[in-house]
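# have a look at this fold, sequence not included:
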Ligand SMILES: [Mg+2]
């Protein structure tokens, strides 16, 4: 089964029974009723040796930091802030330098974003993995979902895209602060983070809204690392469109509010890359030529394994 089919099966098998579940499986985080003004956000993500990192190419500090950062990116995608986390670690060996490195990486982000790691689990494992459960909260009026984009809405991304495998995937800065400011300043209709690649995540956003999109390929902000690994401009755009692990924000804004979008938010670039269409097709436009955009982003279960 493909990742999308697996998620659909999980959604169908586990419908929410409790009316406090505002958003269940399928968005960047779950959204749960909390008090008059706030929702709770729950999310979980794991990083696994030889899938997300190689021990020979990274430090344990970076691994600890990344395990937390990918979860923070999902909290940011909802317009929220992190509050508490639980961490499960699978370890092949209990070496002090491994534990210390991972702890330092986690503490760095827990101090920076002022949330607490309040528990977890340790297990022996043939390979290193870290699984994080992260809770957060968001003021009701600032909650952003994947759902909400309408035909005519403009599509925006933060930062620059592509080539993350060079270094950014280990040094990613979750867009918590930027998202917090964005949701206050801008009338955002839908938002998510870009973790699997722009093409893949844009298609997810379009499907969630039963719409299509047109993007201007030449306007996609290409990262300097994507340029470095490309021979031509076209190849660099291909990387920006399809590489995974950008951890930037993807959001849409109704046309009538899209006139006054700043070009930067807290020193991070904001770029309009296209618009939502009524037709459920996905197009890239370059020099007046339209090409179909396919989901070439990262898919955990690409090979049909039944
Ligand atoms: Mg996400």
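Structure received. Predicted, not measured: the structure shown is a model, and the values here were computed from it.

# distance between the ends of stretch 201-221?
Start-to-end span of stretch 201-221 (C-alpha to C-alpha, to the nearest Å) is 16 Å.

# and what of stretch 269-283?
First-to-last distance for stretch 269-283 - C-alpha to C-alpha - comes to 24 Å.

# list the contacts for the residue nearest to the spatial centre of the chain?
By C-alpha atoms, centre = their mean, the mean C-alpha position of the chain lies nearest to residue 193, the distance being 3.0 Å. By C-beta atoms under 8 Å, 6 or more residues apart in numbering, the contact list for residue 193 reads 28, 73, 74, 76, 77, 175, 201, 247, 248, 249, 250. Bear in mind the C-beta positions are built from the backbone N, C-alpha and C, glycine included.

# part of a strand, is the last one?
What it means is residue 250. Yes. According to DSSP: H, G, I helix; E, B strand; the rest coil, residue 250 belongs to a strand.

# my read is that it contacts residue 191, right?
Yes. In this structure, residue 250 is within contact of residue 191 by C-beta atoms under 8 Å, at 7.0 Å.

# okay, those two: which has more neighbours?
Set residue 250 next to residue 191 and count neighbours by other C-beta atoms under 10 Å: residue 191 wins out with 28 against 24.

# and the more buried one, how far is that from residue 155?
According to C-beta to C-beta, to the nearest Å, residue 191 stands 11 Å off from residue 155.

# now residue 134
Residue 134 is 27 Å from residue 155, where distance means C-beta to C-beta.

# picking that back up, list residues touching both of residue 191 and residue 155?
In contact with both residue 191 and residue 155: 250, 251, 252, using C-beta under 8 Å, 6+ apart.

# quick one: which of these is nearest residue 14?
residue 250 (26.4 Å; C-beta to C-beta).

# enumerate every residue touching that closest one.
155, 156, 157, 191, 192, 193, 194, 198, 201, 202, 205.

# cool, and residue 247?
Residue 247 touches 69, 70, 73, 164, 168, 172, 173, 174, 175, 193, 194, 195, counting by C-beta under 8 Å, 6+ apart.

# what is the burial count for the spatially closest residue to the fourth one that is not a sequence neighbour?
Which is residue 164. For residue 164, ignoring the flanking residues on the chain, the nearest one in space by C-beta to C-beta, 6 or more residues apart in numbering is residue 245 at 4.3 Å. Here the number of neighbours of residue 245 (other C-beta under 10 Å) works out to 21.

# distance check, residue 245 against residue 208.
21 Å.

# and residue 23, by the same measure?
11 Å.

# that'll do, ta.
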